[in-house]
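Participant: Sequence plus predicted model, see below.
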Amino acid sequence: MKRILLIVGGGIAAYKACELIRLCRRAGIAVRCVTTAGAEHFVTPMTLAALSENQVFTSLWDLKDEAEMGHIQLSREADLLVVAPATADLMARMAAGIADDLATTVLLATDTPVLAAPAMNVRMWLHPATQRNVAQLRADGVEVMAPDEGVMACGEFGPGRLPEPEAIFAAIQRRLAPAPQSLTGRHILVTAGPTHEPIDPVRFLGNRSSGKQGFAIAEALVALGARVTLVAGPVSLPTPAGVSRIDVQTAREMAAAAEGALPADAAVMVAAVADWRVEPAAGKIKKGAGAPPALALVENPDILATIGHAARRPRLVVGFAAETDTVVENARAKLARKGADWIVANDVSGDVMGGETNAIHIVTAAGVDSWPQLPKAAVATRLAERIAAALSGESLA
């Protein structure tokens, strides 16, 4: 049985630790909990003990536990340490190597992998000090998940929300059961995020793509041993460990970067590329008393079709189709026209763009494989495994 030590930090999101424990226990993963003093203001040790079916550890100064060097045992006996929520204060102390309570002492005394799921106010997350601490933790080998974006308990909006328990659980599963290196020696190109087409120095044409699905796919492919080149539009997501990232703004820049990344064994074109651009004005277009300015739209390069018909075409070309109606029918029409082997279609009429889950249809010449609503990390893992199977000699259909 796999075992995790869940360190619960003192934030309003601490209540989500209860659902995370439930998911782990249902999967047969043993859970022991450590709480900070702040965490006990939001969730009680009794609740965590009942859900985990294990003693909850709260103090570095417990006479019985520490007589047996309890913090050392806790730090070594688990297969994975999970910090959720990882507050700004807790991550700052982790980054500085401070050990002034049971949680931080356990974290400093461990040689076990650590996964941290941040949760804090948007301004705290974006503060240079927090970003320095996150960078230091990642350099020290801690896997720090990207926080979710949305409305917070304080009423503000932005990045800083605790990732949903399902997403943290998917990350736990990935760490506890490392994927076989079935893509070792393979080079895979991934595009992700939107493109921004300038109208003038301050305005642009764009879309709501967050880049989360493409980044998750890049991370899942690296987990299988692939060498991944990620061409990313303008998003603020951290680069997944082991991924080579190229940042671009416009569709033409993305097209050039994608072609420049060839040859590749596979191309997974997740980016939501702007279909049109305008000739940008040199200065800011002023609001006048007359009619608004007319924008003459010019068609952008079709990056998927370019890769799908390239002289150095990858063996497997996977396109994405974001649709709001007749999803599968539109994907079928794109399949041959774009020169793709698969089209991954999804309905974006809801909150998929920027959301945490996705329901996809993989359309191939052989038919349609529809998947249920899943966390984007789970979609990425399943898709990476399917790509590995196809490149290993199984049918591309």
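Facilitator: Yep, that arrived.
Participant: Let me see the contact set for residue 228.
Facilitator: By C-beta atoms under 8 Å, 6 or more residues apart in numbering, the residues touching residue 228 are 187-190, 218, 221-222, 242-244. (Glycine included, C-beta is placed from N, CA and C.)
Participant: and the least confident of these?
Facilitator: pLDDT is lowest at residue 242 among the contacts of residue 228; the value there is 89.
Participant: Spatially, and excluding backbone neighbours, which residue is closest to that one.
Facilitator: Nearest residue to residue 242, sequence neighbours excluded (C-beta to C-beta, 6 or more residues apart in numbering): residue 222, at 4.2 Å.
Participant: Downstream of the worst-scoring helix or strand of the chain on mean pLDDT, the next helix or strand is which one?
Facilitator: Least confident helix or strand, the chain: helix 63-67 with a mean of 53, by mean pLDDT, DSSP states H and E. Downstream of helix 63-67, the first helix or strand assigned by DSSP states H and E is helix 70-77.
Participant: That next one: how far from the chain's middle?
Facilitator: 30 Å (C-alpha atoms, centre = their mean, to the nearest Å).
Participant: May I have that helix exported as PDB, CA atoms only?
Facilitator: Only the C-alpha atoms of helix 70-77 are listed here, as PDB (Å, rounded to 0.1, in the frame of the first residue of the first chain):
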ATOM      1  CA  GLY A  70       8.300  11.100  15.800                       C
ATOM      2  CA  HIS A  71       9.100  13.900  13.300                       C
ATOM      3  CA  ILE A  72      12.000  11.800  11.800                       C
ATOM      4  CA  GLN A  73       9.700   8.800  11.400                       C
ATOM      5  CA  LEU A  74       7.000  10.900   9.900                       C
ATOM      6  CA  SER A  75       9.400  12.400   7.400                       C
ATOM      7  CA  ARG A  76      10.700   9.000   6.200                       C
ATOM      8  CA  GLU A  77       7.900   6.500   6.300                       C
END
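Participant: tell me which strands and helices that helix is in contact with?
Facilitator: In terms of contacts (3 or more C-beta pairs under 8 Å, 6 or more residues apart in numbering; DSSP states H and E), helix 70-77 is packed against strand 3-8, helix 102-109.
Participant: Out of the ones you listed, which gets nearest to residue 141?
Facilitator: helix 102-109 (11.9 Å; C-beta to C-beta).
Participant: List the buried residues for that closest one?
Facilitator: Buried positions in helix 102-109, judged by neighbour count with 16 or more other C-beta atoms under 10 Å: 102-107, 109.
Participant: From the contacts of residue 228, pick the one nearest residue 164.
Facilitator: residue 218 (20.2 Å).
Participant: what's the burial count for the closest one?
Facilitator: Residue 218 has 32 neighbours, counted by other C-beta atoms under 10 Å.
Participant: weakest of the helices and strands packed on helix 70-77 in terms of mean pLDDT?
Facilitator: helix 102-109 (a mean of 94).
Participant: Outside of that helix itself, which residues are in contact with it?
Facilitator: The contact list for helix 102-109, computed with C-beta under 8 Å, 6+ apart, reads 5, 7, 9, 34-36, 57-60, 71-72, 74-76, 81, 83, 90, 93-94, 97-99, 114.
Participant: can you do 6 Å?
Facilitator: With contact meaning C-beta atoms under 6 Å, 6 or more residues apart in numbering, helix 102-109 is reached by 7, 34, 36, 59-60, 71-72, 74-75, 93-94, 97-99.
Participant: Now, of those residues, which are buried?
Facilitator: For these, buried by 16+ other C-beta under 10 Å: 7, 34, 36, 60, 71, 74-75, 93-94, 99.
Participant: what's the farthest-apart pair in these?
Facilitator: Most distant of the buried ones among the contacts of helix 102-109, by C-beta to C-beta, are 74 and 93, 17.0 Å apart.
Participant: quick one: low-confidence ranges for the stretch 1-150 of the chain?
Facilitator: By pLDDT under 70, the low-scoring segments of the stretch 1-150 of the chain are 62-71.
Participant: Name the residues of the longest helix along the chain that are buried.
Facilitator: The longest helix of the chain (DSSP state H) is helix 376-391. Within helix 376-391, the residues that count as buried by 16+ other C-beta under 10 Å are 376-381, 383-388, 390-391.
Participant: The protein: helices as residue ranges?
Facilitator: Along the chain, counting by DSSP H, helices occupy 16-26, 45-52, 63-67, 70-77, 88-96, 102-109, 122-126, 128-139, 165-176, 212-223, 251-260, 303-308, 327-338, 376-391.
Participant: just the angle between the longest one and helix 212-223, please?
Facilitator: Taking axes from the mean of the first three to the mean of the last three C-alpha atoms, to 10 degrees, one finds that helix 376-391 is oriented at 50 degrees with respect to helix 212-223.
Participant: do the fifth one as well
Facilitator: Going by the same axes, to 10 degrees, helix 88-96 is angled at 30 degrees with respect to helix 212-223.
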